[in-house]
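[1] all I have is the shape, not the residue letters:
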Ligand SMILES: C[S@@+](CC[C@H](N)C(=O)[O-])C[C@H]1O[C@@H](n2cnc3c(N)ncnc32)[C@H](O)[C@@H]1O
């Protein structure tokens, strides 16, 4: 059985969260008869009409940026004097993944974290779902998945509307991207919804200082996509109000923030 078949019980219709069934090259909601295609082993579980204006701009930007993304990450790592690599390694260790864990990574991108995650355990010992809004980023990720986590399932999905069952993941990670979402607080709420009570939730992205100086500033490739993005955000404000114990740190010379909390 392939990864979609094995993890089917966790998948839901992104519109109404009903269970899905496999039907040839598609997933089907038997109640509404809505069908979601599976393209090259990646189920496309996006409610495209439900995407916001920033989601659409981002989806478009990564269509052409996906192939150069790893190079851009290398430049960022150089500018932070290896800070991004150090951060990825530390994050991977802090997740505390154990064999048998159900692990969700939202906005997995090209899978740059996979080698670091694999330093701590065999990723095939997990039930692992990685998702992203961009099919082009997921195609790049598929190459790394083949090497590091053959049993993982990749989904095309909007992190603000997870096509996943309630309360099923032991560890939920989002790294990079949430600053660019239309509804970042909704994305954090969704991470909490799919997490088991007591699960650890991790949210990391670049600080507002980087958004302002780099993405809206000197970087000509990102300036127009990011021009309307708020730069006065505080990621702690995205955490649901009933969660009071939230750890917040900045790392990599103040370029990356890192939020951690436990699902209620
Ligand atoms: C800066 S990249 C980070 C990728 C990867 N996590 C990393 O650390 O290298 C941001 C990613 O967020 C994804 N993304 C943006 N908006 C999204 C959304 N609403 N839902 C899911 N993924 C989204 C983009 O497609 C892109 O792959």
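    Great, that's in hand. Computed from a predicted structure; not experimentally measured.
[2] and the longest strand seen in the chain, which strands flank it?
    In the chain, taking DSSP state E as the definition, the longest strand is strand 195-206. In the sheet, strand 195-206 lines up against strand 169-175 (parallel), strand 256-262 (antiparallel) (DSSP bridges).
[3] out of these, flag the one nearest the ligand.
    Ranking those by proximity to the ligand (C-beta to the nearest ligand atom) places strand 169-175 first, at 4.4 Å. Every residue, glycine included, has its C-beta placed from N, CA and C.
[4] excluding chain neighbours, what is closest to residue 31?
    If the residues on either side of it in the chain are set aside, residue 31 comes closest to residue 18, at 5.2 Å by C-beta to C-beta, 6 or more residues apart in numbering.
[5] next up, the contacts around that neighbour.
    Applying C-beta atoms under 8 Å, 6 or more residues apart in numbering, we find residue 18 in contact with 12, 29, 31-32.
[6] relative to the ligand, which of these is nearest.
    Closest approach to the ligand among these (C-beta to the nearest ligand atom): residue 12, at 15.6 Å.
[7] counting neighbours, what do you get for that closest one?
    A total of 20 residues lie near residue 12 under the criterion other C-beta atoms under 10 Å.
[8] hang on, isn't it packed against residue 27?
    No: counting by C-beta atoms under 8 Å, no contact exists between residue 12 and residue 27, whose distance comes to 9.7 Å.
[9] which residue ranges of the stretch 101-250 of the chain form strands?
    Here the stretch 101-250 of the chain has its strands, by DSSP state E, counting those that start in this stretch, at 102-106, 127-132, 153-156, 169-175, 195-206, 247-251.
[10] could you tell me the least trusted of these?
    Within the strands of the stretch 101-250 of the chain, confidence is poorest for strand 247-251, with a mean of 94 (mean pLDDT).
[11] which strands or helices does that strand pack on?
    With contacts defined as 3 or more C-beta pairs under 8 Å, 6 or more residues apart in numbering; DSSP states H and E, the packing partners of strand 247-251 are helix 83-94, strand 256-262.
[12] circling back: contacts with the ligand among the contacts of residue 18, please.
    Contacts with the ligand within the contacts of residue 18, counted by C-beta under 6 Å from any ligand atom: none were found.
[13] if any of those are buried, give me the PyMOL selection for them.
    To isolate the buried subset of the contacts of residue 18 in PyMOL, counting by 16 or more other C-beta atoms under 10 Å, use the following:
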select buried, resi 12+29
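[14] and the contacts of residue 18, which is closest to residue 237?
    residue 12 (27.5 Å; C-beta to C-beta).
[15] write out the residues of the stretch 151-264 of the chain neighbouring the ligand.
    Proximity of the stretch 151-264 of the chain to the ligand, by C-beta under 6 Å from any ligand atom, involves residues 158-160, 175-177, 180-181.
[16] need the worst-confidence member of those residues.
    Least confident of those in the model: residue 180, at 89.
[17] on that earlier part again, dump the strands of the stretch 101-250 of the chain to CSV, plus mean neighbour count.
    Rendered in CSV, the data for those read as follows (neighbours: other C-beta atoms under 10 Å):
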stretch, mean neighbour count
strand 102-106, 24
strand 127-132, 25
strand 153-156, 25
strand 169-175, 24
strand 195-206, 19
strand 247-251, 13
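[18] if we can go back for a sec, neighbour-wise, give me the winner out of the residues of the stretch 151-264 of the chain next to the ligand.
    The most neighbours, when those are compared by other C-beta under 10 Å, belong to residue 158, which has 28 neighbours.
[19] so who does it touch?
    Contacts here follow C-beta under 8 Å, 6+ apart; on that basis residue 158 touches 14, 46-47, 50-51, 55, 133.
[20] check those residues and tell me the two furthest apart.
    Between all members of these, the farthest pair (by C-beta to C-beta) comes out as 14 and 55, at 12.7 Å.
[21] one step back: which of the strands paired with strand 195-206 sits closest to residue 90?
    Relative to residue 90, the nearest member of the strands paired with strand 195-206 by C-beta to C-beta is strand 256-262, separated by 8.7 Å.
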